[in-house]
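Trainee: following is a predicted model, sequence given first.
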Amino acid sequence: MLRQSGIYCDIMSSSILIVDDEKNTRDGLRNALDSDFDVYVAADADGAMKTMETMPIDVLLTDLRLGGEDGMSLIGRALKLSKPPICIMMTAYGSVDTAVEAMKKGAYDFVTKPVNIDRLEILIKRALKDRATRQENTVLRERVDKQLTIDGMIGRSPAMVEVFDTIKQVAPSKATVLIQGESGTGKELAAHAIHHLSPRGKEKFLAVHCAALAPELLASELFGHEKGAFTGAFERRIGRFEQAKGGTLFLDEIGEIDAGTQVKILRVLGERNFERVGGNQTLQTDVRLIAATNKDLAKLVAEGKFREDLYFRLHVVPLTMPPLRDRKVDIPLLADAFLKESAVENGKAFRELAPEAMTAVLEYDWPGNVRELRTAVEHGVVMCTAAKIAIRDLPASVRNRKADAPPSSPGGLNLQETETALILRALDDCRGNRTDAAQVLGISRRTLHRRLKELNISKRSNLS
């Protein structure tokens, strides 16, 4: 059994189909190979296709001359199967032209007759290993894509992978989603992702920041108003529930809305209709509602400040965005993305943060979350005059964090403990893979190896 970085290639259980119109050749090859493989035989192309259509075949070993349809044509048909086999051509006419033509048809390689069994076995096993590697790379790419990004959101921490999974699960539905989390954690980005991945993705996405508007203006913004509905209403206004018809309406900071507007939103969610402010015409709407808040709505309900029935209407699918301090393993990824983005916008060519700058970034608690990190990196890009962003280029709040914090305290971690915790978490997230962990931490594999030794982590961890 061979192992390719986590992908197992069981040579002994691999299946081979030998296609040759000469019985002696078929039987001879079968006898030579059946100790290492599950071997099937066929005398012609039609028989071979029937076998491949009824059972999985890993390797097709076919002669060029089959009496009727030739081996070149058979390879073409085999490669169109939903799970095509590795194709190897046998020919007594072993010219370069034949080899080139076989490769163009999609053959992995070719062998000449009389077949050297030892070389054939080596070729087959190499082909199976190559395919296992390609399959592994595909799986890893899909895993990395899943872990790293979804519609502009970045992260590979368990908390963010859970967020990504929830978004992918809820997006195709019509369910109302309540996104909760501290300011700056990316609640609106999550709402955009749900919209873009939904059947409504090509329709409008409109956002209303409820806390920025007085109650009367918020009602007008959401539902529209008729001319003369209130002082200053000089003409009819179409509200967001009408504008977003067929699409998605995102209500940010919904915990700030007044009681009257809560009743109107509850009606829209229940009956799918409303009236403009100052109007009496009932209007129908088809809008998916996504709401967000940085407050504890359940607590507001208990305090009588938010309607319980509206809370349950909004809380069909809850989604919590984790604070950045709880997913520090994502910081190097986020910092790198923000650095590249800001460098382009500012016409600079920075590639990375210097080690001491990255240490400061990892130590900081980021009360403003991802939004604050983006601002800090942009500040560094603007202030930097060297090849790498140094700690002096970062905002004072970030670079002074180390000076302000005590070396160690019962309730916290010192620098060495913080670094150890981050490395262990990265290794755990990456299942012990040091190369992946180094990438997550934003350092080279050699640096990670050195720090593992210096911090004595390898002796305390089950690393592969």
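Mentor: That came through fine.
Trainee: quick one: contacts for K328?
Mentor: L362, L422, R425 (CB atoms under 8 Å, 6 or more residues apart in numbering). All C-beta atoms are positioned from the backbone trio N, CA, C, and that covers glycine.
Trainee: for the stretch 51-200 of the chain, what spans make up the strands?
Mentor: With DSSP state E, counting those that start in this stretch as the criterion, the stretch 51-200 of the chain has strands at 59-63, 86-91, 109-112, 149-150, 153-154, 177-180.
Trainee: lowest-confidence stretch among those?
Mentor: The minimum mean pLDDT among the strands of the stretch 51-200 of the chain belongs to strand 149-150 (a mean of 74).
Trainee: for that one, name the packing helices and strands.
Mentor: Strand 149-150 sits against helix 158-170, with contacts defined as 3 or more CB pairs under 8 Å, 6 or more residues apart in numbering; DSSP states H and E.
Trainee: low-confidence bits of the stretch 51-200 of the chain, can you list those?
Mentor: 93-96, 99, 136-148 (pLDDT under 70).
Trainee: nope, the stretch 251-400 of the chain is what I meant
Mentor: 350-351.
Trainee: again, 80 this time
Mentor: Within the stretch 251-400 of the chain, the set of residues satisfying pLDDT under 80 comprises 349-351.
Trainee: so where do the helices sit in it?
Mentor: 259-271, 297-302, 308-314, 331-345, 355-363, 369-383, 396-399 (DSSP state H, counting those that start in this stretch).
Trainee: ok, which of the ones you listed comes nearest D20?
Mentor: helix 331-345 (53.8 Å; CB to CB).
Trainee: distance of the nearest residue to V268 once chain neighbours are set aside from T248?
Mentor: Distances taken as CB to CB, 6 or more residues apart in numbering place F274 nearest to V268, at 5.3 Å, with adjacent residues excluded. Per CB to CB, to the nearest Å, F274 is found 17 Å from T248.
Trainee: in CSV: the strands of the stretch 51-200 of the chain, plus mean neighbour count.
Mentor: Below are the strands of the stretch 51-200 of the chain laid out as CSV (neighbours: other CB atoms under 10 Å):
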stretch, mean neighbour count
strand 59-63, 25
strand 86-91, 23
strand 109-112, 18
strand 149-150, 20
strand 153-154, 19
strand 177-180, 24
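Trainee: follow-up on the earlier one: what would the helices of the stretch 251-400 of the chain look like in TSV with mean neighbour count and distance to R237?
Mentor: What follows is those, written out as TSV (neighbours: other CB atoms under 10 Å; distance: least, CB to CB, whole Å):
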stretch	mean neighbour count	distance to R237
helix 259-271	16	15
helix 297-302	15	29
helix 308-314	18	24
helix 331-345	18	35
helix 355-363	19	45
helix 369-383	20	31
helix 396-399	16	42
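Trainee: can you list the domains in the protein?
Mentor: Listed by automatic domain parsing, the domain ranges of the chain are 2-140, 153-322, 326-405.
Trainee: let's have those domains in a markdown table, adding distance to R451.
Mentor: Below are those laid out as a markdown table (distance: least, CB to CB, whole Å):
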| stretch | distance to R451 |
| --- | --- |
| domain 2-140 | 23 |
| domain 153-322 | 20 |
| domain 326-405 | 11 |
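Trainee: among the ones you listed, which is nearest R434?
Mentor: It is, among the domains of the chain and with distance given as CB to CB, domain 2-140, at 12.5 Å.
Trainee: could you dump the strands of the stretch 51-200 of the chain into TSV and include distance to N456?
Mentor: TSV is the format used below for the strands of the stretch 51-200 of the chain (distance: least, CB to CB, whole Å):
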stretch	distance to N456
strand 59-63	48
strand 86-91	46
strand 109-112	49
strand 149-150	34
strand 153-154	32
strand 177-180	40
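Trainee: Y40: which of those strands is closest?
Mentor: Closest among the strands of the stretch 51-200 of the chain, using CB to CB: strand 59-63, at 10.0 Å.
Trainee: so which elements touch that closest one?
Mentor: strand 15-19, helix 45-54, helix 71-78, strand 86-91, helix 117-148.
Trainee: in JSON lines: those, plus distance to V329.
Mentor: Converted to JSON lines, these look like this (distance: least, CB to CB, whole Å):
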{"stretch": "strand 15-19", "distance to V329": "42"}
{"stretch": "helix 45-54", "distance to V329": "45"}
{"stretch": "helix 71-78", "distance to V329": "45"}
{"stretch": "strand 86-91", "distance to V329": "39"}
{"stretch": "helix 117-148", "distance to V329": "11"}
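Trainee: what about these, which gets the closest to A32?
Mentor: It's helix 117-148; of the helices and strands packed on strand 59-63, that one is closest to A32 (CB to CB) at 4.7 Å.
Trainee: so what's the residue count around N273?
Mentor: 12 (other CB atoms under 10 Å).
Trainee: counting neighbours, what do you get for R126?
Mentor: 12.
Trainee: make that T98, sorry
Mentor: Residues near T98, counting by other CB under 10 Å: 17.
Trainee: quick check: bridge partners of the nearest residue to it once chain neighbours are set aside?
Mentor: Spatial nearest neighbour of T98, excluding adjacent residues (CB to CB, 6+ apart): T91 at 5.6 Å. For T91, the beta-bridge partners under DSSP bridges are T112.
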